[in-house]
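1. predicted model, plus sequence, below.
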Amino acid sequence: MIHEYAQLLVNLIFDWGYIGIFIMMAIESSFVPFPSEIVLIPAGYLASQGQMSIGLILLSALIGSLVGAFINYFLALTLGRAILIKYGKYFFIKETTLLKMEEFFAKHGHISTFTGRLIPGIRQLISIPAGLARMNLVEFSLYTTLGAGIWAMVLILLGYIFGENQELISQYLKQITIAVVGLLVVLVFVYYKIRTRGSE
């Protein structure tokens, strides 16, 4: 079933080209939780066959990711805060909690957005607290692009290098994910140390 679904996506990318990548990455970055690897790895494979351009794949993926991120950001910005203030008490979310989150994103929104875009399961969700906290849109766009770009390039290159070898792709994707999370832990630790020294 999964293999058939993946094959359908490969065919869809081949038929729709870069527009298909854009649409699916926009959906992936908004509310529909499906893994971006089933879009970008096949696209990378098509690039290795000379049927697509790596640069245009990356550009389509980035623009799609930004559009999806903006959907979550602006929904949270325009509707989320009012809803949480009105109904948050039923879910143990107080207005003071929202204020603390806004203060946190005012200080650490850039590192949170960047690292969040690189963590599976968090990528789609990080735009919501950014919107709730009214994070600066230029900074949000910049760090979303950086994080999404790095992850997209990793997936595209996996497809380009290993092609249809699903076993190798799965193995390396798992190792890369672990390595990325490990590097992010180190990055956050260094960031925390720098911020702590700066406040002394």
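-> On my side now, so go ahead. These figures come from a predicted structure and were not determined experimentally.
2. quick one: low-confidence parts of the chain?
-> 1-14, 31-34, 81, 84-101, 163-200 (pLDDT under 70).
3. the helices in it, which residues?
-> Secondary structure of the chain (DSSP state H): helices located at 2-16, 18-29, 37-48, 54-75, 81-87, 95-116, 127-132, 137-162, 166-198.
4. check contacts around the closest residue to S48 other than its chain neighbours.
-> Residue nearest to S48 in three dimensions, not counting chain neighbours: Y160, with 4.6 Å by C-beta to C-beta, 6 or more residues apart in numbering. To be clear about C-beta, it is placed using only N, CA and C from the backbone, and glycine gets the same treatment. By C-beta atoms under 8 Å, 6 or more residues apart in numbering, Y160 lies in contact with 44-45, 47-48, 54.
5. how far away is Y160 from I119?
-> 23 Å (C-beta to C-beta, to the nearest Å).
6. likewise A47?
-> Separation of A47 from I119 (C-beta to C-beta): 26 Å.
7. show me which of these two is the more surrounded one.
-> Shown here are A47 and I119; by other C-beta atoms under 10 Å, A47 has more neighbours (20 against 16).
8. my read: the more buried one touches I57, true?
-> Yes - assessed by C-beta atoms under 8 Å, A47 is found in contact with I57 at 6.1 Å.
9. any residues in contact with both of those two?
-> Common contacts of A47 and I57 (C-beta under 8 Å, 6+ apart): I156.
10. find the nearest non-adjacent residue to A133, please.
-> Once flanking residues are discounted, A133 sits nearest to F105: 3.4 Å by C-beta to C-beta, 6+ apart.
11. before we move on, what about F140?
-> Going by C-beta to C-beta, 6+ apart, F140 has A130 as its nearest residue, at 5.3 Å.
12. in the contacts of Y160, find the pair that's most separated.
-> Greatest spacing in these, by C-beta to C-beta: Y45 and I54 (11.3 Å).
13. the two: which is more packed in?
-> Per other C-beta under 10 Å, whichever of Y45 and I54 has more neighbours is Y45, with 23 against 16.
14. contacts only, for the closest residue to the more buried one other than its chain neighbours.
-> Spatial nearest neighbour of Y45, excluding adjacent residues (C-beta to C-beta, 6+ apart): G159 at 4.3 Å. The neighbours of G159, taking C-beta under 8 Å, 6+ apart as the test, are 40-48, 169.
15. between the residues you listed, which is nearest T144?
-> L40 (16.4 Å).
16. against I161, how distant is the closest one?
-> 13 Å.
17. and the two? Which one has more around it.
-> L40 (28 against 14).
18. that one contacts I57, correct?
-> Yes - the criterion here is C-beta under 8 Å, and L40 meets it with I57 at 7.1 Å.
19. who touches both of these two?
-> Among the neighbours of L40, those also in contact with I57 (C-beta under 8 Å, 6+ apart) are 21, 156.
20. neighbours of the closest residue to A43 other than its chain neighbours, how many?
-> Of all residues not flanking A43 in the chain, I57 sits nearest, at 4.8 Å (C-beta to C-beta, 6+ apart). Using other C-beta under 10 Å, the number of residues around I57 comes to 27.
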